[in-house]
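**Q** The following comprises the amino acid sequence and a computationally predicted model.
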Amino acid sequence: MAVISMKQLLEAGVHFGHQTRRWNPKMKPYIFTERNGIYIIDLQKTVKMIDSAYNFVKDAAADDGVILFVGTKKQAQDSIEEEATRAGQYYVNHRWLGGTLTNWNTIQTRIKRLKDLKKMEEDGTFDRLPKKEVSLLQKQRAKLEKFLGGIEDMPRIPDVMFIVDPRKEQIAVKEAQKLNIPIVAMVDTNTDPDDIDVIIPSNDDAIRAVRLITSKMADAVIEGRQGEDEDVTEDSFKDNKDAKKSVDSLEDIVEAVEGDNDAKSDK
């Protein structure tokens, strides 16, 4: 049974790629067709590749792996934070600081500073300091929290990274490659898939698409950690006949929804 149904992917706009003039030819195997100057991603392949990604993340989590969720674009920030937190994992959802992984020891000193500032605020130290100094310290804490709060308690560099839009997160991708950290990523039609270990062909601009797939990666972590699959598998299909029907009707459905401008957000 598929982790995500064809119907869910279509409703979330996962199939909408970028304009045909903004494509990476290496994504051709994952493109179904073109409609009104927009590439339509082959969701039959996406369904299977989400299953592969799900199992990859689940297995890593089952081995007590650390999973880092990364997505700094506006459409991804909330989903990345919420789903990583739900899965008990870690995230970067604002600007990726160069050296976050490759200069981990230095990043740890900044994280220690963040923890120290939090402690000062909690134990009443701020109450004994001049207001001007407190204001500066609070601004420093807020800035550190913004960029490092999601990895504040990460015990070590991650074993797997899940990335929304690796084209935007090129620095994170390069750091992961340098450290041989496998990358699972939502890859749109304008992105080079060769940089990614586990590809999920997908619209990476629509909020609904990002949330849907990010939530399934979080589900994979939870299942891997708990060894339970009752609550995290896709139940939209009543039987294989329904699944076959959805796959067979992909072209017809694409024709019907090709004018959906909302799903092509920021394309």
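**A** In hand now; what should we look at? Residues are numbered from 1 along each chain as shown.
**Q** Now do the contacts for Gly149.
**A** Counting by Cβ atoms under 8 Å, 6 or more residues apart in numbering, Gly149 touches Leu114. Quick note: C-beta positions are derived from backbone N, CA and C, even for glycine.
**Q** which residues in the protein form helices?
**A** 6-11, 43-62, 74-86, 104-122, 131-148, 170-178, 207-226, 240-248, 250-257 (DSSP state H).
**Q** ok, and which of those helices has the densest surroundings?
**A** helix 207-226 (a mean of 23; mean count of other Cβ atoms under 10 Å).
**Q** Might you report the residue contacts of Phe56?
**A** Counting by Cβ under 8 Å, 6+ apart, Phe56 touches 160, 182, 184, 198, 220.
**Q** need the residues you listed in CSV with pLDDT and distance to Thr109, can you?
**A** CSV is the format used below for those (pLDDT from 0 to 100; distance: Cβ to Cβ, whole Å):
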residue, pLDDT, distance to Thr109
Val160, 98, 25
Pro182, 98, 27
Val184, 98, 29
Val198, 96, 32
Ala220, 97, 33
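**Q** Give me the subset of the residues you listed lying in strands.
**A** Within the contacts of Phe56, residues falling in strands by DSSP state E are 160, 184, 198.
**Q** Can you tell me which of these has the most neighbours?
**A** Of all the ones in strands among the contacts of Phe56, the highest neighbour tally under other Cβ atoms under 10 Å goes to Val184, namely 27 neighbours.
**Q** Make TSV out of the contacts of Phe56 and add distance to Ile207.
**A** Shown next, in TSV, are the contacts of Phe56 (distance: Cβ to Cβ, whole Å):
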residue	distance to Ile207
Val160	24
Pro182	26
Val184	20
Val198	22
Ala220	21
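**Q** Local confidence estimate at the closest residue to Leu9 other than its chain neighbours?
**A** Nearest residue to Leu9, sequence neighbours excluded (Cβ to Cβ, 6 or more residues apart in numbering): Leu43, at 5.1 Å. pLDDT recorded at Leu43 is 86.
**Q** Please name the residues that touch Leu43.
**A** So Leu43 contacts 6, 9-10, 14-15, 32, 250 (Cβ under 8 Å, 6+ apart).
**Q** Out of these, which is nearest to Pro155?
**A** The shortest approach to Pro155 among these belongs to Val14, at 33.0 Å (Cβ to Cβ).
**Q** Please verify my assumption that that closest one contacts Ala209.
**A** Yes: between Val14 and Ala209 there is a contact under Cβ atoms under 8 Å: 4.6 Å.
**Q** between those two, what contacts are shared?
**A** Common contacts of Val14 and Ala209 (Cβ under 8 Å, 6+ apart): 202-203.
**Q** Report the two of the contacts of Phe56 separated the most.
**A** Checking these with Cβ to Cβ, the most distant pair is Pro182 and Ala220, at 13.7 Å.
**Q** measure the closest residue to Thr125 other than its chain neighbours to Ile181 for me?
**A** Distances taken as Cβ to Cβ, 6+ apart place Lys119 nearest to Thr125, at 7.8 Å, with adjacent residues excluded. Distance, Lys119 to Ile181, using Cβ to Cβ, to the nearest Å: 31 Å.
**Q** And for Phe16?
**A** Look at Phe16 and Ile181: by Cβ to Cβ, they are 29 Å apart.
**Q** which of those two has more neighbours?
**A** A direct count of neighbours by other Cβ under 10 Å for Phe16 and Ile181 places Phe16 higher, at 29 against 19.
**Q** That one and Gly37 touch, don't they?
**A** No: with contact defined as Cβ under 8 Å, Phe16 and Gly37 do not form a contacting pair (11.6 Å).
**Q** what about Pro29, how many residues close to it?
**A** Number of residues near Pro29 (other Cβ under 10 Å) recorded here: 10.
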